[in-house]
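Engineer: what follows is a predicted protein model with its sequence.
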Amino acid sequence: MESVDTFEELNLNPDLLRGIFGYGYEQPSQIQQKAILPIIKGKDTIAQAQSGTGKTGAFTIGILERIDPKIRQTQALILSPTRELSKQIQRVVQALGEHQKVIVHCSTGGTNIGAEKRALKQLP
């Protein structure tokens, strides 16, 4: 499995790289060193690591590198098992994708379905 030591080695979109460093990441964690590149390459990727090791950053960076922010339609869907994790993922995607100007919407159960429908019609 390929591995990288720095985010620069990934040849990421400069706006994404700005978001990564702006978020406070300096060097990729062990899981990020191994998981980001296969995701960027479009490979099915299964990665397992302890809590707090950067898994969310790993798949978020991979996804943000693959999307084209100029295309205003849904390009990625991230599913998570809890509302709290969904909100956390939304915050990470927004922060890392800040300079790419990505639009992120978090849709969870237990909310007003009419408001969700309106938001999804307005947002790609």
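Structural biologist: Sure thing, it's come through.

Engineer: so where's this protein shaky on pLDDT?
Structural biologist: Scanning the chain for pLDDT under 70 picks out the ranges 123-124.

Engineer: could you redo the last one with a cut-off of 90?
Structural biologist: When the per-residue scores of the chain are filtered using pLDDT under 90, the ranges that remain are 1-3, 69-74, 103, 105, 107-124.

Engineer: top helix in it by residue count?
Structural biologist: Longest helix in the chain by number of residues (criterion: DSSP state H): helix 83-96.

Engineer: list of residues touching the helix or strand that comes right after that one?
Structural biologist: Stepping forward along the backbone from helix 83-96, the first helix or strand reached (DSSP states H and E) is helix 113-122. Residues outside helix 113-122 that contact it (CB atoms under 8 Å, 6 or more residues apart in numbering) are 105, 107. The C-beta positions use only the backbone N, C-alpha and C, and glycine is treated the same way.

Engineer: and helix 113-122, C-alpha only, in PDB?
Structural biologist: The C-alpha coordinates for helix 113-122 follow below in PDB (Å, rounded to 0.1, in the frame of the first residue of the first chain):
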ATOM      1  CA  ILE A 113     -39.200  16.900   6.500                       C
ATOM      2  CA  GLY A 114     -40.700  19.900   4.700                       C
ATOM      3  CA  ALA A 115     -37.700  22.100   5.600                       C
ATOM      4  CA  GLU A 116     -35.300  19.300   4.500                       C
ATOM      5  CA  LYS A 117     -37.100  19.000   1.100                       C
ATOM      6  CA  ARG A 118     -36.800  22.800   0.600                       C
ATOM      7  CA  ALA A 119     -33.100  22.800   1.600                       C
ATOM      8  CA  LEU A 120     -32.300  19.900  -0.700                       C
ATOM      9  CA  LYS A 121     -34.100  21.600  -3.600                       C
ATOM     10  CA  GLN A 122     -32.200  24.800  -3.100                       C
END
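
Engineer: good, we can wrap up now.
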